[in-house]
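Colleague: here is a sequence together with a model predicted from it:
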Amino acid sequence: MTAALIECIPNFSEARRPEIVQKIITEIQSVPGIHVLDKHSDLDHNRTVVTFIGSPNAVEKAAFQGIVEAAKWIDLDEHQGAHPRIGATDVVPFVPIAEVTMEECVELARRLGKRVGEELEIPVYLYEEAATRPERQNLENIRKGQYETLKEEMGKNPERDPDFGPKKVGKAGATVIGARQPLIAFNVYLATNEVSIAQKIARVVRQSNGGFKCVKAMGVMVDGRAQVSMNLTNYRQSSIARVVEFVRREAQRHGTVIHHTELVGLTPQESLIDAAVWYLQLDQFDSKQILERRLFEVQTETGAQAVAAVEPSFLDQLGAATPTPGGGSASAFTAAEAAALVAMVARLTVGKKKYADVENDMWHFIEQADRLRKSYEKAEVDDANAFNALMAAMKAPKDNEEQQKKRSSAIEKATIRAIEVPFSVAESIPEVLHLAGLVASKGNVNAISDAGTAGALARAAFIGAALNVNTNSAGMENPSLAEKYLRKLQVIETKVCKEYASLQKILTERSNLWMPG
């Protein structure tokens, strides 16, 4: 099975102090599982682009640490460079690479944006696929006027208010965070120092002036040469080869030629293959003719088969002739399924025009449901560990009074833990049921039966968790403590019944669905 991978390409407003750039990269690399693939520093732009990859959790953590470190050392009041910018960490895009959807990258962008805004007090704007407003999909609109103008307007002009964080700009400026498809940063250097020619070419090549679709461009002076600096936001819509040939013809029209081109950071292999196919006119070309790609496919297939052969599923483990995982873990697993279904309904609502008025609510429900699911996934493992610890305590020696006392204390401690884990599951079930009711009443009606299923699973999880609390309480030496847990369960059960009845009513009224009592 291929691991989930996300690419992150943060742009930092620093290149002239390599020691500061290295501090930022060191912080990013300190996160386990993160691989820095590339670093590109441009002295004229005074900007560094770092490309790293890893699992979603690792990438999210590394991006945050990079933003923290950049804010320590980069002062936007002192920063100067040819490239537009509004922040020390100017932009942080997330790109899905393997086993990750664009929607998951959007959620990651929102989580990171909220954390940066709240913990670091840096204003955050969401862009591209994560944008909360149509006009903020385009990065240039957010960067309009750069840091200096933003500093003057934020807090005064509501149009410049951030999505997260304070409505004021500090020395670290603001940060733009989002999710997008792979972007190619590509520069064409002209054999002239007349920057006006590069600016004229940029004006006709970029989409905003009627040029190539998904191409952004500007003319700047770099290393004494006029440069057409471009971002190809979708190379499948406008390939590198076609854009370069257009720039070549425009340069000739202005009496100059292309001196050389430059790739900033990384690019998808497909984009270079497309360029080779275009220039070589390989009409019958098939990507399987590339040796390395075919070898990778074979290795991936072999690896997936090996993993499937050695890793039993949770249900395989549950059905095995072993005491763990058992009913407590199964209850936590079922609760996790319920929370996941709630999140699914909310995600199927987000982005739909029909439900635009409840989109912010749905994002909130997603965050809550995902938090609960993660707690249940942890409880699934914790329950098995608690039961194993209880069995180990019971097997402890009891040959003398001291050993008996020690054994008795260990059993009581392990028993309490074996109660607390399923109790924590049971205690949060009313919250899951309440969320199921909210997504059923406000969410995508086409997924309303999934909200009902979430409710049914949540109620089943409560019953299973309560049974485990009850069973383990019977073995406690302290009956008053056991009674305390059972009394609390009765209160929780009342809440569960109330939320379940409310969900039944919503399903009937909104979609005329019957739900068992």
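Modeller: Everything's here; your move.
Colleague: check contacts around the residue lying closest to Ile273 once chain neighbours are set aside.
Modeller: Nearest in space to Ile273, with sequence neighbours left out and distances taken as CB to CB, 6 or more residues apart in numbering, is Ser287 at 6.8 Å. For the C-beta atoms, the positions are set from N, CA and C on the backbone; glycine is no exception. By CB atoms under 8 Å, 6 or more residues apart in numbering, Ser287 lies in contact with 270, 273, 293.
Colleague: Arg225 and Asp44, how far apart?
Modeller: 10 Å (CB to CB, to the nearest Å).
Colleague: cool, Gln289 as well?
Modeller: Relative to Asp44, Gln289 is positioned 40 Å away (CB to CB).
Colleague: list phi and psi for the residue in the chain sticking out farthest from the centre.
Modeller: In the chain, the residue that sits farthest from the middle, by CA atoms, centre = their mean, is Asn400; the gap is 56.1 Å. Note on Asn400: its backbone torsions stand at phi -140, psi 180 [degrees, to the nearest 10].
Colleague: equivalent analysis for the one 5 residues further on, please.
Modeller: Lys405 adopts backbone torsions of phi -70, psi -40, taken as degrees, to the nearest 10.
Colleague: could you list the domains of this protein?
Modeller: Structural domains annotated on the chain: 5-179, 184-288, 314-511, as defined by automatic domain parsing.
Colleague: relative to Glu297, which of those domains is closest?
Modeller: domain 184-288 (8.1 Å; CB to CB).
Colleague: on contacts alone, who are the packing partners of the helix or strand where Val496 lies?
Modeller: Per DSSP states H and E, Val496 falls inside helix 479-511. The contact analysis (3 or more CB pairs under 8 Å, 6 or more residues apart in numbering; DSSP states H and E) places helix 479-511 against helix 401-442, helix 448-473.
Colleague: now that helix and helix 401-442, what's the angle there?
Modeller: Angle between the axes of helix 479-511 and helix 401-442 is 20 degrees (criterion: axes from the mean of the first three to the mean of the last three CA atoms, to 10 degrees).
Colleague: in helix 479-511, what counts as buried?
Modeller: 482, 485, 489, 492-493, 495-496, 499-500, 502-504, 506-507 (16 or more other CB atoms under 10 Å).
Colleague: quick check: longest strand of this protein.
Modeller: strand 89-98 (DSSP state E).
Colleague: can you name the next helix or strand after it?
Modeller: Using DSSP H and E, the helix or strand that directly follows strand 89-98 along the chain is helix 102-119.
Colleague: not counting sequence-adjacent ones, nearest residue to Met230?
Modeller: The shortest distance from Met230 to any non-neighbouring residue, by CB to CB, 6+ apart, is to Ala217 (4.5 Å).
Colleague: residues in contact with the one you found?
Modeller: Neighbouring residues of Ala217 by CB under 8 Å, 6+ apart: 201-203, 205-206, 211, 228-231.
Colleague: with distance to Gly173 added, can I get those in a markdown table?
Modeller: Below are the contacts of Ala217 laid out as a markdown table (distance: CB to CB, whole Å):
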| residue | distance to Gly173 |
| --- | --- |
| Ile201 | 30 |
| Ala202 | 25 |
| Arg203 | 28 |
| Val205 | 29 |
| Arg206 | 25 |
| Gly211 | 30 |
| Val228 | 27 |
| Ser229 | 21 |
| Met230 | 24 |
| Asn231 | 20 |
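Colleague: of these, which belong to strands?
Modeller: Here DSSP E is the test, and the contacts of Ala217 give 228-231 as lying in strands.
Colleague: show me the shaky parts of the stretch 251-400 of the chain.
Modeller: Residue ranges of the stretch 251-400 of the chain with pLDDT under 70: 300-311.
Colleague: all helices for it, in order.
Modeller: Applying DSSP state H, counting those that start in this stretch to the stretch 251-400 of the chain gives helices spanning 269-280, 291-310, 314-318, 327-347, 359-394.
Colleague: next, the buried residues of the shortest one.
Modeller: Looking back up the chat, that one is helix 314-318. For helix 314-318, by 16+ other CB under 10 Å, it's Leu318.
Colleague: repeat for the first one
Modeller: Neighbour-count burial for helix 269-280, counted by 16+ other CB under 10 Å, picks out 271, 274-275.
Colleague: Arg417: which of those is nearest?
Modeller: Using CB to CB, Ser271 comes nearest to Arg417 of those, at 54.4 Å.
Colleague: doesn't Ala185 make contact with the closest one?
Modeller: No - Ser271 is not in contact with Ala185 according to CB atoms under 8 Å; the separation is 11.6 Å.
Colleague: quick revisit: give me the more crowded residue out of Gln289 and Asp44.
Modeller: Neighbours were counted for Gln289 and for Asp44 using other CB atoms under 10 Å; Asp44 has more, 16 against 10.
Colleague: contact partners for Asn348?
Modeller: Small correction: residue 348 is Leu, not Asn. 443-444, 446-447.
Colleague: same question, Lys167
Modeller: 123, 154-155, 161.
Colleague: give the ChimeraX command for selecting the buried subset of the residues you listed.
Modeller: In ChimeraX, a selection of the buried entries from these looks like this (16+ other CB under 10 Å):
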select :123,154
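Colleague: which of the contacts of Lys167 sit farthest apart?
Modeller: Of all pairs in these, the most separated under CB to CB is Pro123 and Gly155 at 9.6 Å.
Colleague: how about Ile53, secondary structure?
Modeller: Following DSSP: H, G, I helix; E, B strand; the rest coil, we place Ile53 in the strand state.
Colleague: contacting residues for it?
Modeller: Contacts for Ile53 (CB under 8 Å, 6+ apart) come out as 5-8, 34-35, 37, 59, 97.
Colleague: and if you look at Glu140?
Modeller: Glu140 neighbours (CB under 8 Å, 6+ apart): 84, 208, 216.
Colleague: need the CA coordinates for the one helix or strand Ala217 maps to. CSV is fine.
Modeller: According to DSSP H and E, Ala217 maps onto strand 215-222. The C-alpha coordinates for strand 215-222 follow below in CSV (Å, rounded to 0.1, in the frame of the first residue of the first chain):
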residue,chain,number,x,y,z
VAL,A,215,-0.2,31.2,-16.4
LYS,A,216,0.8,34.1,-14.1
ALA,A,217,3.7,36.2,-15.1
MET,A,218,5.7,39.4,-14.3
GLY,A,219,8.8,41.1,-15.8
VAL,A,220,11.7,41.8,-13.4
MET,A,221,15.4,42.4,-13.5
VAL,A,222,17.6,39.5,-12.1
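Colleague: quick one: average pLDDT of it?
Modeller: Strand 215-222 carries an average pLDDT of 94.
Colleague: chain center to it: distance?
Modeller: Relative to the chain's own centre, strand 215-222 is displaced by 31 Å; criterion: CA atoms, centre = their mean, to the nearest Å.
Colleague: and stretch 405-416, by the same measure?
Modeller: 42 Å.
Colleague: let the chain start at 299 from now.
Modeller: With the count now opening at 299, the last piece we talked about shows up as stretch 703-714.
Colleague: buried residues, it. List them.
Modeller: Quick answer for stretch 703-714 (16+ other CB under 10 Å): 705, 708-710, 712-714.
Colleague: just the mean pLDDT for that stretch, thanks.
Modeller: Across stretch 703-714, pLDDT averages out at 87.
Colleague: same thing with stretch 738-752?
Modeller: On average, stretch 738-752 scores 96.
Colleague: ok, and what's touching that stretch?
Modeller: 635-637, 639-640, 642-644, 646-647, 650, 653, 656, 659-660, 730, 734-735, 737, 753, 801, 804-805, 808-809, 811, 813.
Colleague: just the buried residues of those.
Modeller: Among the contacts of stretch 738-752, those classed as buried by 16+ other CB under 10 Å are 635-637, 639-640, 642-644, 646-647, 653, 656, 659-660, 730, 734-735, 737, 753, 801, 804-805, 813.
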